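Sequence below, structure please.
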Amino acid sequence: MTDPLRQIYVVDDDAAVARALARLLRAAGYEPVIFTSARDFMERCKPDAPGCLVLDVSMPGITGLELQEWLVQAASPLPIIFLTGRGDIPTSVRAMKYGAVDFLTKPVNESDLLKAIQEASRRECTTRAARAEVQAVQARLATLTPREREVMEHVVSGRLNKQIADRLGTVEKTIKVHRARVMEKLGVASLAELVRMAERVGIGGERVVAIESSERPRA
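As a prediction, this is how the structure comes out:
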């Protein structure tokens, strides 16, 4: 079975260039998969496919930049290395803005391409590890009851138990019970851990300054 990190997708309508790239990649120990057009890639390959994409900028029909936009919209983790027949600063800036690893000019320098692929592989490992972590957090969050989820969101926003109880129309003792269950189900031992976990999945937003009424300074 091919190591996903060795899989390189080459999308180029120039058959001679595609063959040359395939030979180079095989010699370097990679497993190239050739596509003759962006449409061909879109029909045969899933956006979340593992590996790295070496993509020609200018192709008839769907361009390389348009394929990049499609992948971005699909939240694809696939790193992209662009190849172009001419130097085009505005195009390269646009490509890099949307996350391209590199923008190389044809005929591509072999060492530059292999170096870019190594960086792409590093980025993909980091991205996939982060996604796996988020999915694990989301799986834990799914075990919470609606009320536990509500209490957790108030907690990570910085509110105290008494304030949460007032907002939810219950008593502080009940909030403490819910809070303890949240900590247990999510496998965290401190508020700091809970906040970090919530931040990984976009929960929390702006933290409020929580001050008990009894702690407020008297006028």
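
and stretch 154-166, how far apart are its ends?
11 Å (Cα to Cα, to the nearest Å).

for that stretch, which positions count as buried?
154-157, 159-161, 163-165 (16 or more other Cβ atoms under 10 Å). Heads up, the C-betas are built off the backbone N, CA and C, glycines and all.

which intervals of the protein have sub-threshold pLDDT?
Applying pLDDT under 70 to the chain flags residues 1-5, 87, 205-219.

Buried ones in the longest helix along it, by neighbour count?
Identified as the longest helix of the chain according to DSSP state H is helix 110-141. The neighbour-count check on helix 110-141 (16+ other Cβ under 10 Å) flags 113-114, 116-117, 120-121, 124, 137, 141 as buried.

And for the most centrally placed residue in the chain, nearest residue in space, chain neighbours not counted?
Centroid-nearest residue in the chain: residue 127, 5.1 Å away (criterion: Cα atoms, centre = their mean). Nearest residue to residue 127, sequence neighbours excluded (Cβ to Cβ, 6 or more residues apart in numbering): residue 77, at 4.4 Å.

Please report how far the one you found lies from residue 40.
21 Å (Cβ to Cβ, to the nearest Å).

so how far is residue 12 from residue 22?
To residue 12, residue 22 is 10 Å away according to Cβ to Cβ.

ok, now which ones touch residue 140?
Neighbouring residues of residue 140 by Cβ atoms under 8 Å, 6 or more residues apart in numbering: 185-187, 197.

repeat that for 10 Å
Shown in contact with residue 140 (Cβ atoms under 10 Å, 6 or more residues apart in numbering): 182, 185-188, 197, 201.

In a markdown table, list the residues you listed along with neighbour count and distance to residue 175.
Formatted as a markdown table, the contacts of residue 140 follow (neighbours: other Cβ atoms under 10 Å; distance: Cβ to Cβ, whole Å):
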| residue | neighbour count | distance to residue 175 |
| --- | --- | --- |
| 182 | 24 | 10 |
| 185 | 16 | 16 |
| 186 | 18 | 16 |
| 187 | 11 | 20 |
| 188 | 17 | 17 |
| 197 | 21 | 19 |
| 201 | 14 | 22 |
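
Which one of those residues is nearest to residue 45?
The closest of those to residue 45 turns out to be residue 201 (Cβ to Cβ; 27.8 Å).

correct me, but the closest one touches residue 142?
No: using Cβ atoms under 10 Å, residue 201 is not in contact with residue 142; the gap is 11.1 Å.

Run a quick neighbour tally on residue 15.
Neighbouring residues of residue 15 were enumerated by other Cβ atoms under 10 Å; the total is 10.

And for it, nearest residue in space, chain neighbours not counted?
Closest to residue 15 by Cβ to Cβ, 6+ apart is residue 36, at 7.2 Å.

just residue 195 next, same as before
residue 156 (5.1 Å).

Now do the phi/psi pair for that neighbour.
Backbone geometry at residue 156, expressed as degrees, to the nearest 10, gives phi -70, psi -20.

And for the one 5 residues further on?
With angles defined as degrees, to the nearest 10, residue 161 shows backbone torsions of phi -50, psi -40.

Tell me how this protein divides into domains.
The record's domain parsing of the chain by automatic domain parsing lists 4-138, 143-215.

which one of those domains has the most crowded surroundings?
domain 4-138 (a mean of 17; mean count of other Cβ atoms under 10 Å).

Residue 82: helix or strand, and which one exactly?
Secondary structure assignment for residue 82, by DSSP states H and E: strand 80-84.

Noted, bye for now.
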